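Student: 3D, please:
(one chain, ligands or ions: 3)
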Amino acid sequence: MMNTKIVEVENLRKLFPVQKSFLDRLLSKKIEYVHAVDDISFNIKIGEVFCLVGESGCGKSTTGYLIVRLLEPTDGKIIFRGIDITHIKGEELRKLRKEFQIIFQDPYASLNPRMKIGDIIRHPLDIHMIGTREERREKVLSMLKDVGLYPPEQFYDKYPHQLSGGQRQRVAIARVLVLQPKFLVADEPTSMLDVSVQANIVNLMMDLKRRFNLTYLYITHDFGIASKICDRIAVMYLGKIVEIGKREEVLGEPRHPYTIALLTSIPGRKIAGKKLKIRGEVPNAINIPIGCRFYARCPYKKDICQELEPKFTKLSETHYVACHNIEMIKKDWPTLF
Ligand SMILES: Nc1ncnc2c1ncn2[C@@H]1O[C@H](COP(=O)(O)OP(=O)(O)OP(=O)(O)O)[C@@H](O)[C@H]1O
Ligand code: SF4
Ligand SMILES: [Mg+2]
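Tutor: Ligands and ions are numbered 1, 2, ... in the order given. So this is what the prediction gives:
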(Lines give C-alpha, C1' and ligand atoms only; values in the text may rest on other atoms or scores of the structure.)
(Ligands and ions follow the chains in the order given, each with its own letter.)
Protein backbone atom coordinates (compact mmCIF):
# COMPACT_ATOMS: atom_id res chain seq x y z
CA MET A 1 0.00 0.00 0.00
CA MET A 2 1.27 3.46 -0.82
CA ASN A 3 2.32 5.46 2.22
CA THR A 4 0.31 8.65 2.12
CA LYS A 5 2.15 10.08 5.12
CA ILE A 6 5.17 12.26 4.55
CA VAL A 7 5.93 12.89 8.23
CA GLU A 8 5.14 10.73 11.25
CA VAL A 9 5.87 12.00 14.72
CA GLU A 10 5.66 9.50 17.56
CA ASN A 11 5.81 10.39 21.25
CA LEU A 12 8.20 13.22 20.54
CA ARG A 13 9.74 15.03 23.50
CA LYS A 14 12.23 17.81 23.97
CA LEU A 15 13.38 18.84 27.42
CA PHE A 16 15.83 21.70 27.83
CA PRO A 17 17.89 21.73 31.04
CA VAL A 18 17.33 24.97 32.95
CA GLN A 19 20.48 27.07 33.23
CA LYS A 20 21.14 27.79 36.90
CA SER A 21 23.45 30.21 38.60
CA PHE A 22 26.49 28.87 40.40
CA LEU A 23 24.90 29.50 43.79
CA ASP A 24 21.66 27.76 42.85
CA ARG A 25 23.62 24.77 41.65
CA LEU A 26 25.42 24.58 44.99
CA LEU A 27 22.17 24.73 46.91
CA SER A 28 20.30 22.18 44.85
CA LYS A 29 21.70 19.26 42.89
CA LYS A 30 18.41 18.69 41.11
CA ILE A 31 18.46 19.54 37.43
CA GLU A 32 15.23 21.10 36.24
CA TYR A 33 13.92 20.90 32.71
CA VAL A 34 11.77 23.01 30.44
CA HIS A 35 9.23 20.62 28.96
CA ALA A 36 9.10 22.36 25.60
CA VAL A 37 7.59 19.43 23.72
CA ASP A 38 6.20 16.71 25.92
CA ASP A 39 5.09 13.54 24.18
CA ILE A 40 3.27 14.53 21.03
CA SER A 41 2.22 12.29 18.15
CA PHE A 42 0.75 13.19 14.78
CA ASN A 43 1.30 12.64 11.10
CA ILE A 44 1.23 14.84 8.05
CA LYS A 45 -0.12 13.54 4.75
CA ILE A 46 1.41 14.22 1.36
CA GLY A 47 0.07 17.50 -0.04
CA GLU A 48 -1.47 18.73 3.20
CA VAL A 49 -1.28 22.05 4.95
CA PHE A 50 -1.00 20.94 8.55
CA CYS A 51 -1.26 23.87 10.96
CA LEU A 52 0.19 23.92 14.45
CA VAL A 53 -1.37 26.66 16.55
CA GLY A 54 -1.06 27.91 20.10
CA GLU A 55 0.14 30.85 22.15
CA SER A 56 3.73 31.93 22.60
CA GLY A 57 5.88 29.40 24.44
CA CYS A 58 3.68 26.35 23.91
CA GLY A 59 6.35 24.48 21.92
CA LYS A 60 5.49 25.13 18.27
CA SER A 61 8.92 26.17 17.04
CA THR A 62 10.63 23.45 19.03
CA THR A 63 8.38 20.91 17.28
CA GLY A 64 9.30 22.36 13.88
CA TYR A 65 13.02 22.41 14.64
CA LEU A 66 12.91 18.80 15.86
CA ILE A 67 11.22 17.61 12.68
CA VAL A 68 13.80 19.22 10.40
CA ARG A 69 16.51 17.94 12.71
CA LEU A 70 17.85 21.28 13.88
CA LEU A 71 17.37 20.01 17.42
CA GLU A 72 18.09 16.61 18.87
CA PRO A 73 14.97 15.04 20.43
CA THR A 74 15.02 13.85 24.04
CA ASP A 75 12.69 11.00 23.20
CA GLY A 76 10.36 9.74 20.50
CA LYS A 77 10.58 9.18 16.79
CA ILE A 78 10.46 11.18 13.56
CA ILE A 79 9.75 9.31 10.34
CA PHE A 80 10.16 11.11 7.03
CA ARG A 81 8.82 9.35 3.92
CA GLY A 82 9.05 6.03 5.72
CA ILE A 83 12.64 6.57 6.89
CA ASP A 84 13.45 6.93 10.58
CA ILE A 85 15.39 10.20 10.67
CA THR A 86 15.32 10.66 14.45
CA HIS A 87 19.04 10.18 14.91
CA ILE A 88 20.52 10.24 11.42
CA LYS A 89 23.68 12.30 11.11
CA GLY A 90 26.46 13.35 8.74
CA GLU A 91 26.20 12.53 5.06
CA GLU A 92 22.88 10.71 5.44
CA LEU A 93 21.28 13.76 7.06
CA ARG A 94 22.88 16.14 4.58
CA LYS A 95 21.40 14.23 1.64
CA LEU A 96 17.91 14.01 3.09
CA ARG A 97 17.93 17.60 4.27
CA LYS A 98 17.33 18.74 0.70
CA GLU A 99 13.87 17.27 0.98
CA PHE A 100 12.78 18.94 4.23
CA GLN A 101 13.41 22.59 4.82
CA ILE A 102 12.35 25.36 7.18
CA ILE A 103 11.39 29.00 6.75
CA PHE A 104 12.05 31.06 9.86
CA GLN A 105 9.98 33.71 11.53
CA ASP A 106 12.49 36.53 11.25
CA PRO A 107 13.47 37.50 7.69
CA TYR A 108 15.85 40.12 9.10
CA ALA A 109 17.97 37.68 11.13
CA SER A 110 17.83 34.76 8.72
CA LEU A 111 19.64 36.38 5.76
CA ASN A 112 23.38 37.08 5.88
CA PRO A 113 23.64 40.89 5.54
CA ARG A 114 27.00 40.68 3.76
CA MET A 115 25.81 38.39 0.98
CA LYS A 116 24.04 39.47 -2.19
CA ILE A 117 20.53 38.13 -2.72
CA GLY A 118 21.61 36.00 -5.68
CA ASP A 119 24.44 34.45 -3.68
CA ILE A 120 22.14 33.76 -0.74
CA ILE A 121 19.70 31.82 -2.92
CA ARG A 122 22.52 30.07 -4.81
CA HIS A 123 24.34 29.03 -1.65
CA PRO A 124 22.36 25.79 -1.05
CA LEU A 125 23.06 24.75 -4.67
CA ASP A 126 26.78 25.35 -4.08
CA ILE A 127 26.74 23.30 -0.89
CA HIS A 128 24.96 20.40 -2.54
CA MET A 129 27.01 20.84 -5.74
CA ILE A 130 23.97 20.98 -7.96
CA GLY A 131 24.44 22.07 -11.61
CA THR A 132 27.15 24.09 -13.36
CA ARG A 133 27.88 27.69 -12.47
CA GLU A 134 25.71 28.94 -15.31
CA GLU A 135 22.87 26.55 -14.48
CA ARG A 136 22.92 27.70 -10.87
CA ARG A 137 22.61 31.32 -11.93
CA GLU A 138 19.72 30.49 -14.23
CA LYS A 139 18.03 28.54 -11.46
CA VAL A 140 18.37 31.46 -9.05
CA LEU A 141 16.94 33.91 -11.58
CA SER A 142 13.94 31.68 -12.22
CA MET A 143 13.45 31.24 -8.45
CA LEU A 144 13.45 35.03 -8.01
CA LYS A 145 10.67 35.23 -10.59
CA ASP A 146 8.77 32.39 -8.93
CA VAL A 147 8.68 34.27 -5.63
CA GLY A 148 7.61 37.49 -7.33
CA LEU A 149 10.87 39.48 -7.28
CA TYR A 150 11.02 41.30 -10.64
CA PRO A 151 13.15 42.02 -12.52
CA PRO A 152 15.24 39.11 -11.20
CA GLU A 153 18.56 40.45 -12.57
CA GLN A 154 18.14 43.55 -10.44
CA PHE A 155 17.39 41.64 -7.26
CA TYR A 156 20.31 39.29 -7.85
CA ASP A 157 22.86 41.97 -6.98
CA LYS A 158 21.03 43.64 -4.10
CA TYR A 159 21.81 43.24 -0.42
CA PRO A 160 19.24 42.26 2.24
CA HIS A 161 19.21 45.77 3.77
CA GLN A 162 17.94 47.16 0.46
CA LEU A 163 14.82 44.99 0.71
CA SER A 164 11.58 45.30 2.67
CA GLY A 165 10.57 42.66 5.21
CA GLY A 166 8.16 41.07 2.76
CA GLN A 167 10.79 40.96 0.01
CA ARG A 168 13.28 39.40 2.40
CA GLN A 169 10.82 36.69 3.30
CA ARG A 170 10.40 36.03 -0.43
CA VAL A 171 14.17 35.58 -0.64
CA ALA A 172 14.09 33.19 2.32
CA ILE A 173 11.38 31.19 0.56
CA ALA A 174 13.38 31.14 -2.71
CA ARG A 175 16.46 29.95 -0.82
CA VAL A 176 14.69 26.85 0.47
CA LEU A 177 12.73 26.12 -2.71
CA VAL A 178 15.83 26.15 -4.86
CA LEU A 179 16.65 22.69 -3.52
CA GLN A 180 13.23 21.39 -4.61
CA PRO A 181 12.19 20.11 -1.19
CA LYS A 182 9.08 18.02 -0.71
CA PHE A 183 8.21 19.26 2.75
CA LEU A 184 8.45 22.68 4.37
CA VAL A 185 8.12 23.81 7.94
CA ALA A 186 6.96 27.43 7.89
CA ASP A 187 7.56 28.85 11.36
CA GLU A 188 5.31 31.91 11.61
CA PRO A 189 6.63 33.25 8.29
CA THR A 190 4.46 36.36 8.41
CA SER A 191 4.32 37.28 12.08
CA MET A 192 7.14 39.85 11.82
CA LEU A 193 5.80 41.49 8.69
CA ASP A 194 3.48 44.45 8.23
CA VAL A 195 -0.14 43.39 8.29
CA SER A 196 -0.50 44.81 4.78
CA VAL A 197 1.97 42.31 3.29
CA GLN A 198 1.12 39.29 5.43
CA ALA A 199 -1.66 38.10 3.13
CA ASN A 200 0.60 38.42 0.05
CA ILE A 201 3.19 36.12 1.59
CA VAL A 202 0.56 33.60 2.70
CA ASN A 203 -0.95 33.65 -0.82
CA LEU A 204 2.48 33.23 -2.38
CA MET A 205 3.16 30.25 -0.16
CA MET A 206 -0.12 28.61 -1.10
CA ASP A 207 0.54 29.29 -4.78
CA LEU A 208 4.04 27.77 -4.56
CA LYS A 209 2.64 24.78 -2.72
CA ARG A 210 0.41 23.97 -5.67
CA ARG A 211 3.07 24.61 -8.29
CA PHE A 212 5.82 22.62 -6.59
CA ASN A 213 3.65 19.89 -5.00
CA LEU A 214 4.74 20.77 -1.49
CA THR A 215 3.50 19.70 1.90
CA TYR A 216 3.51 22.22 4.76
CA LEU A 217 3.75 22.17 8.49
CA TYR A 218 2.54 25.72 9.01
CA ILE A 219 3.19 27.13 12.47
CA THR A 220 1.22 30.15 13.65
CA HIS A 221 -0.24 31.69 16.77
CA ASP A 222 -2.87 33.28 14.52
CA PHE A 223 -5.94 31.10 14.33
CA GLY A 224 -7.29 33.45 11.65
CA ILE A 225 -4.48 32.50 9.25
CA ALA A 226 -4.70 28.82 10.18
CA SER A 227 -8.43 28.76 9.53
CA LYS A 228 -7.88 30.10 6.01
CA ILE A 229 -5.18 27.71 4.85
CA CYS A 230 -5.21 24.47 6.84
CA ASP A 231 -6.41 21.03 5.90
CA ARG A 232 -5.86 19.82 9.45
CA ILE A 233 -4.99 21.60 12.69
CA ALA A 234 -3.26 20.61 15.90
CA VAL A 235 -3.72 22.94 18.87
CA MET A 236 -0.79 22.96 21.28
CA TYR A 237 -0.72 23.96 24.92
CA LEU A 238 2.32 23.75 27.18
CA GLY A 239 4.13 21.11 25.17
CA LYS A 240 1.07 18.95 24.45
CA ILE A 241 -1.43 18.65 21.63
CA VAL A 242 -4.86 19.24 23.19
CA GLU A 243 -6.99 18.95 20.06
CA ILE A 244 -6.34 17.69 16.57
CA GLY A 245 -8.59 17.22 13.59
CA LYS A 246 -9.62 18.20 10.11
CA ARG A 247 -10.29 21.85 9.41
CA GLU A 248 -14.06 21.51 9.59
CA GLU A 249 -13.84 19.51 12.82
CA VAL A 250 -11.58 21.84 14.77
CA LEU A 251 -13.17 25.01 13.41
CA GLY A 252 -16.73 23.76 13.21
CA GLU A 253 -17.01 21.67 16.36
CA PRO A 254 -14.11 22.58 18.63
CA ARG A 255 -14.28 20.57 21.85
CA HIS A 256 -11.32 21.74 23.89
CA PRO A 257 -11.90 24.96 25.85
CA TYR A 258 -8.49 26.24 24.75
CA THR A 259 -9.39 25.75 21.08
CA ILE A 260 -12.70 27.53 21.62
CA ALA A 261 -10.93 30.40 23.36
CA LEU A 262 -8.38 30.81 20.55
CA LEU A 263 -11.03 30.48 17.88
CA THR A 264 -13.38 33.01 19.40
CA SER A 265 -10.49 35.42 20.00
CA ILE A 266 -10.46 36.08 16.23
CA PRO A 267 -12.11 39.48 15.80
CA GLY A 268 -15.71 39.08 14.77
CA ARG A 269 -15.69 35.33 15.32
CA LYS A 270 -18.27 33.93 17.71
CA ILE A 271 -19.82 30.55 18.33
CA ALA A 272 -23.57 30.67 19.06
CA GLY A 273 -23.17 34.40 19.61
CA LYS A 274 -20.55 33.96 22.33
CA LYS A 275 -16.83 34.19 22.91
CA LEU A 276 -14.90 32.13 25.45
CA LYS A 277 -12.52 34.39 27.32
CA ILE A 278 -9.56 32.98 29.20
CA ARG A 279 -7.22 34.92 31.43
CA GLY A 280 -3.51 34.79 31.98
CA GLU A 281 -0.69 33.38 29.93
CA VAL A 282 0.86 30.02 29.23
CA PRO A 283 2.53 29.11 32.56
CA ASN A 284 6.22 28.26 32.57
CA ALA A 285 7.03 24.85 31.23
CA ILE A 286 9.32 23.87 34.12
CA ASN A 287 6.96 22.84 36.89
CA ILE A 288 4.32 21.00 34.95
CA PRO A 289 1.12 20.32 36.91
CA ILE A 290 0.13 16.65 37.44
CA GLY A 291 -3.34 16.89 35.96
CA CYS A 292 -4.55 18.93 33.01
CA ARG A 293 -2.03 21.56 31.97
CA PHE A 294 -4.80 24.00 31.15
CA TYR A 295 -6.33 23.73 34.64
CA ALA A 296 -5.27 27.14 35.97
CA ARG A 297 -6.95 28.97 33.08
CA CYS A 298 -9.89 26.70 32.35
CA PRO A 299 -13.48 27.87 32.90
CA TYR A 300 -14.65 24.21 32.65
CA LYS A 301 -12.33 22.65 35.21
CA LYS A 302 -13.60 20.08 37.69
CA ASP A 303 -11.86 18.17 40.49
CA ILE A 304 -10.62 15.28 38.39
CA CYS A 305 -8.79 17.70 36.08
CA GLN A 306 -6.29 18.54 38.77
CA GLU A 307 -5.49 14.91 39.49
CA LEU A 308 -5.56 13.15 36.17
CA GLU A 309 -4.03 14.26 32.92
CA PRO A 310 -6.74 13.94 30.24
CA LYS A 311 -6.04 11.41 27.48
CA PHE A 312 -7.31 11.78 23.94
CA THR A 313 -11.00 11.06 23.38
CA LYS A 314 -11.72 9.98 19.83
CA LEU A 315 -14.60 11.98 18.41
CA SER A 316 -14.15 10.72 14.85
CA GLU A 317 -11.51 8.84 12.86
CA THR A 318 -9.63 12.13 12.58
CA HIS A 319 -10.78 14.29 15.50
CA TYR A 320 -9.22 13.86 18.96
CA VAL A 321 -9.56 15.99 22.09
CA ALA A 322 -7.78 15.77 25.45
CA CYS A 323 -10.33 17.01 28.00
CA HIS A 324 -12.39 15.55 30.86
CA ASN A 325 -15.41 17.71 30.24
CA ILE A 326 -16.30 17.28 26.58
CA GLU A 327 -20.02 16.63 27.22
CA MET A 328 -20.46 19.93 29.01
CA ILE A 329 -18.56 21.76 26.29
CA LYS A 330 -20.75 20.15 23.62
CA LYS A 331 -23.82 21.54 25.34
CA ASP A 332 -22.41 25.04 25.64
CA TRP A 333 -20.84 25.28 22.19
CA PRO A 334 -23.04 23.79 19.50
CA THR A 335 -21.63 22.69 16.18
CA LEU A 336 -20.95 25.63 13.90
CA PHE A 337 -21.38 24.17 10.42
N1 LIG B 1 17.08 26.49 23.39
C2 LIG B 1 16.25 26.55 24.43
N3 LIG B 1 16.69 26.45 25.69
C4 LIG B 1 15.85 26.49 26.75
N5 LIG B 1 14.51 26.65 26.63
C6 LIG B 1 14.00 26.76 25.39
C7 LIG B 1 14.84 26.72 24.23
N8 LIG B 1 14.03 26.88 23.14
C9 LIG B 1 12.78 27.00 23.60
N10 LIG B 1 12.76 26.92 24.95
C11 LIG B 1 11.56 26.99 25.81
O12 LIG B 1 10.68 25.98 25.39
C13 LIG B 1 9.34 26.42 25.42
C14 LIG B 1 8.73 26.32 24.03
O15 LIG B 1 9.37 27.26 23.19
P16 LIG B 1 9.02 27.42 21.65
O17 LIG B 1 9.94 28.43 21.10
O18 LIG B 1 9.00 26.08 21.01
O19 LIG B 1 7.54 27.98 21.71
P20 LIG B 1 6.65 28.65 20.56
O21 LIG B 1 5.32 28.03 20.68
O22 LIG B 1 7.35 28.55 19.26
O23 LIG B 1 6.55 30.17 21.02
P24 LIG B 1 6.54 31.54 20.15
O25 LIG B 1 5.13 31.70 19.68
O26 LIG B 1 6.93 32.56 21.13
O27 LIG B 1 7.51 31.38 19.02
C28 LIG B 1 9.38 27.83 25.98
O29 LIG B 1 9.16 27.76 27.36
C30 LIG B 1 10.79 28.28 25.67
O31 LIG B 1 11.22 29.24 26.60
S1 SF4 C 1 -9.51 18.57 31.34
FE2 SF4 C 1 -10.56 19.93 32.76
S3 SF4 C 1 -9.12 21.63 33.11
FE4 SF4 C 1 -8.46 20.53 31.29
S5 SF4 C 1 -9.39 21.59 29.61
FE6 SF4 C 1 -10.78 19.94 30.11
S7 SF4 C 1 -12.21 20.81 31.58
FE8 SF4 C 1 -10.48 22.22 31.44
MG1 LIG D 1 8.04 29.98 17.90
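
Student: C-alpha only now, for contacts and for neighbours.
Tutor: Fine.

Student: please enumerate the helices of the stretch 151-300 of the chain.
Tutor: Ranges of helices in the stretch 151-300 of the chain, per DSSP state H, counting those that start in this stretch, are 152-156, 165-177, 195-212, 223-229, 247-252, 257-263.

Student: okay, the angle between the longest one and helix 165-177?
Tutor: Right, the one you point to is helix 195-212. 20 degrees (axes from the mean of the first three to the mean of the last three CA atoms, to 10 degrees).

Student: next, format the helices of the stretch 151-300 of the chain as TSV and append mean pLDDT.
Tutor: Formatted as TSV, the helices of the stretch 151-300 of the chain follow (pLDDT from 0 to 100):
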stretch	mean pLDDT
helix 152-156	97
helix 165-177	96
helix 195-212	95
helix 223-229	94
helix 247-252	95
helix 257-263	95
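
Student: do you know which of those helices lies nearest ligand 2?
Tutor: Of all the helices of the stretch 151-300 of the chain, it is helix 257-263 that lies closest to ligand 2, at 5.6 Å by CA to the nearest ligand atom.

Student: now for that closest one, which elements pack on it?
Tutor: Using 3 or more CA pairs under 8 Å, 6 or more residues apart in numbering; DSSP states H and E as the contact test, the elements touching helix 257-263 are helix 223-229.

Student: now do 10 Å
Tutor: Contact partners of helix 257-263 among helices and strands, from 3 or more CA pairs under 10 Å, 6 or more residues apart in numbering; DSSP states H and E: helix 223-229, strand 232-237, strand 240-246, helix 247-252, helix 326-332.

Student: which stretches of the stretch 201-337 of the chain have low pLDDT?
Tutor: Residue ranges of the stretch 201-337 of the chain with pLDDT under 70: 336-337.

Student: quick check: residues of it near ligand 1?
Tutor: For the stretch 201-337 of the chain, the contact set with ligand 1 under CA under 6 Å from any ligand atom comprises Ala285.

Student: my read: Ser265 touches Arg279, true?
Tutor: No. Using CA atoms under 10 Å, Ser265 makes no contact with Arg279, being 11.9 Å away.

Student: more crowded one of those two?
Tutor: Ser265 (18 against 10; other CA atoms under 10 Å).

Student: what about the residue lying closest to the more buried one once chain neighbours are set aside, how many residues nearby?
Tutor: Leaving out its chain neighbours, the residue that sits closest to Ser265 by CA to CA, 6 or more residues apart in numbering is Lys275, at 7.1 Å. Other residues near Lys275 number 18, with proximity taken as other CA under 10 Å.

Student: so Lys275 versus ligand 1, what's the distance?
Tutor: 22 Å (CA to the nearest ligand atom, to the nearest Å).

Student: is it true that that residue touches Ile266?
Tutor: Yes. Using CA under 10 Å, Lys275 is in contact with Ile266, at 9.4 Å.

Student: which residues touch stretch 191-207?
Tutor: By CA atoms under 10 Å, 6 or more residues apart in numbering, the residues outside stretch 191-207 that reach it are 49, 105-108, 146-148, 164-170, 173, 186, 189-190, 208-209, 211, 213-214, 216, 220-222, 225, 228-229.

Student: what is the three-state secondary structure of Ile40?
Tutor: Classification of Ile40 using DSSP: H, G, I helix; E, B strand; the rest coil returns strand.

Student: who does it bridge with?
Tutor: Leu12 (DSSP bridges).

Student: my guess is it contacts Met236, does it?
Tutor: Yes. Ile40 lies in contact with Met236 (CA under 10 Å); the separation is 9.4 Å.

Student: name the residues contacting each of those two.
Tutor: Counting by CA under 10 Å, 6+ apart, the common neighbours of Ile40 and Met236 are Val242.

Student: neighbour-wise, which of these two wins?
Tutor: Taking neighbours as other CA under 10 Å, Ile40 and Met236 compare with Met236 leading, 24 against 18.

Student: can you get me a residue count around Leu193?
Tutor: 19.

Student: tell me the pLDDT at it?
Tutor: Each residue has a pLDDT score; the one for Leu193 is 91.

Student: can you put the helices and strands packed on helix 257-263 in a markdown table and add distance to Leu15?
Tutor: Listed next are those as a markdown table, based on distance: least, CA to CA, whole Å:
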| stretch | distance to Leu15 |
| --- | --- |
| helix 223-229 | 26 |
| strand 232-237 | 15 |
| strand 240-246 | 13 |
| helix 247-252 | 28 |
| helix 326-332 | 30 |
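
Student: do a quick rundown of the strands in the stretch 51-200 of the chain.
Tutor: Secondary structure of the stretch 51-200 of the chain (DSSP state E, counting those that start in this stretch): strands at 75-80, 83-84, 100-103, 183-187.

Student: what would these look like in a markdown table with mean pLDDT, distance to ligand 1 and mean neighbour count?
Tutor: Shown next, in a markdown table, are those (pLDDT from 0 to 100; distance: least, CA to the nearest ligand atom, whole Å; neighbours: other CA atoms under 10 Å):
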| stretch | mean pLDDT | distance to ligand 1 | mean neighbour count |
| --- | --- | --- | --- |
| strand 75-80 | 98 | 15 | 20 |
| strand 83-84 | 96 | 22 | 13 |
| strand 100-103 | 96 | 13 | 24 |
| strand 183-187 | 98 | 8 | 24 |
